[in-house]
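Enquirer: Turn this into a structure:
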Amino acid sequence: MEEKNKKALFNTKIVADMKYNGEIVTIIDFIKGKDIYCDRYSVKFSDGTIKDNIMSCELDFNFKQKNKERSR
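Expert: Numbers count the residues shown, from 1 in each chain. Just a heads-up that it's a prediction; the model follows:
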């Protein structure tokens, strides 16, 4: 994985971790599976919690950061 961390909008379907729905997380590791459905990620949440074995279907990579800076 690249040195630069990637960001993603995390949409978990893990019932125990529903508090993390919609949170922007840092992907810290990626394990390639036999296909896209078997890919696994390790992610770090804003509270510092790290979870392993997150499936690709639990991450929405269409997140677009809103630009909050004003034009000068």
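Enquirer: Count the residues that sit near the residue nearest to D52 when sequence neighbours are not counted.
Expert: Spatial nearest neighbour of D52, chain neighbours left out: S42 (4.6 Å); criterion: Cβ to Cβ, 6 or more residues apart in numbering. Placement of C-beta: from N, CA and C, glycine included. Around S42 there are 17 other residues, counting by other Cβ atoms under 10 Å.
Enquirer: Quickly note the distance from S42 to I28.
Expert: Using Cβ to Cβ, to the nearest Å, we find S42 at a distance of 5 Å from I28.
Enquirer: what is in contact with the two at once?
Expert: When Cβ atoms under 8 Å, 6 or more residues apart in numbering defines a contact, the residues bordering S42 and I28 alike are I50.
Enquirer: still on that earlier bit, surely the residue nearest to D52 and T49 touch.
Expert: No: proximity of S42 to T49 does not meet the contact threshold set by Cβ atoms under 8 Å, at 11.2 Å.
Enquirer: Show the subsequent helix or strand relative to the strand ranked longest in the chain.
Expert: Taking DSSP state E as the criterion, the chain has its longest strand at strand 23-31. Per DSSP states H and E, the first helix or strand lying C-terminal to strand 23-31 is strand 40-44.
Enquirer: All good on my end, thank you.
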